[in-house]
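*Asks:* Sequence plus the predicted model coming up.
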Amino acid sequence: MHQSPKLQNLQRPEDALLEEAEFSAVLTAHRSLSQRGFIILMAAISAVSFAAGYYFFTLGAWPVPGFFGLDVLLIYIAFKLNYRAGRAFEAVNLIDHELILTKVDPKGRVKNYTFNPRWVTFEVEERPGERIELSLSSHGRTTRFAANLTSEEKRDFAQALRGALARYRAA
């Protein structure tokens with residue numbers, strides 16, 4: 001059984017793409033605000049909060065600027081927690097007679113699930129309300145994945161993975 005050492009210590013999603021794989025995909029959650037956008041947003045929020053706080057301070061409401069500062073701090077913490085959660089990703093690689101699903105959590109812990117591509121069952125379950133769940137099953141164990149993708153992205157990915165498995169099985 002071949003297990004790429006490259007899939008053991010993953011830090012970034014790009015590290016999970018294997019050149020030697022017959023099929024390789026990395027699944028990440030979409031983040032619409034870039035690091036630069038975050039800095040600009042925080043600067044704008046800080047400037048507005050400082051100006052409003054200064055205005056209330058000059059009126060004699062000295063505790064109010066502290067609450068504005070607390071608001072800025074809480075917004076900053078919320079964004080940082082969201083970015084931290086965004087470090088999680090999943091990779092799917094079809095390589096050397098194995099289908100490997102690699103899940104990396106926000107702390108960088110790696111968990112690999114290995115399946116025989118000839119025996120694995122890939123399921124796409126459509127639930128009410130346009131919710132779709134993807135799972136891989138083999139020998140009595142089922143692993144759900146791709147929870148961070150939109151329904152359309154899941155459909156596209158499902159089509160690509162089904163095609164890769166069909167090509168593998170036909171060879």
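*Replies:* The structure has been received and is ready for your questions. Note that the structure is a prediction, hence the values are computed from the model and not measured. Residues are numbered from 1 along each chain as shown.
*Asks:* can you pull out the strands in this protein?
*Replies:* In the chain, the segments counted as strands under DSSP state E are 23-28, 89-95, 98-104, 110-115, 121-127, 131-138, 141-145.
*Asks:* do you know which of those lies nearest residue 75?
*Replies:* Smallest distance to residue 75 across the strands of the chain (CB to CB): 23.6 Å, for strand 23-28. The way it works is simple: take the backbone N, C-alpha and C, and place the C-beta from them, glycine included.
*Asks:* give the contact list for residue 65.
*Replies:* Applying CB atoms under 8 Å, 6 or more residues apart in numbering to residue 65 gives the contacts 50, 53, 54, 56, 57.
*Asks:* same thing but 10 Å
*Replies:* 49, 50, 52, 53, 54, 55, 56, 57 (CB atoms under 10 Å, 6 or more residues apart in numbering).
*Asks:* do residue 111 as well
*Replies:* 90, 101, 102, 103, 104, 105, 143.
*Asks:* now with 7 Å?
*Replies:* By CB atoms under 7 Å, 6 or more residues apart in numbering, residue 111 lies in contact with residue 103.
*Asks:* what's the distance between it and residue 100?
*Replies:* Distance of residue 111 to residue 100, given as CB to CB, to the nearest Å: 11 Å.
*Asks:* since we're on residue 168, how many residues are nearby?
*Replies:* When neighbours are counted by other CB atoms under 10 Å, residue 168 registers 15.
*Asks:* Which of the strands of the chain sits closest to residue 158?
*Replies:* strand 121-127 (4.7 Å).
*Asks:* quick one, that closest one and strand 89-95 angle?
*Replies:* Between strand 121-127 and strand 89-95, the angle comes out at 140 degrees (axes from the mean of the first three to the mean of the last three CA atoms, to 10 degrees).
*Asks:* In contact with the residue nearest to residue 88 when sequence neighbours are not counted, which residues are there?
*Replies:* Excluding the flanking residues, the one nearest residue 88 by CB to CB, 6 or more residues apart in numbering is residue 106, at 4.8 Å. Counting by CB under 7 Å, 6+ apart, residue 106 makes contact with 84, 85, 87, 88.
*Asks:* and the closest residue to residue 118 other than its chain neighbours, how far is that from residue 123?
*Replies:* In space, and not counting its chain neighbours, residue 118 is closest to residue 169: 6.2 Å by CB to CB, 6+ apart. Noted for residue 169: a distance of 16 Å to residue 123, by CB to CB.
*Asks:* Compare these two and say which is more crowded by neighbours.
*Replies:* Taking neighbours as other CB under 10 Å, residue 169 and residue 123 compare with residue 123 leading, 13 against 9.
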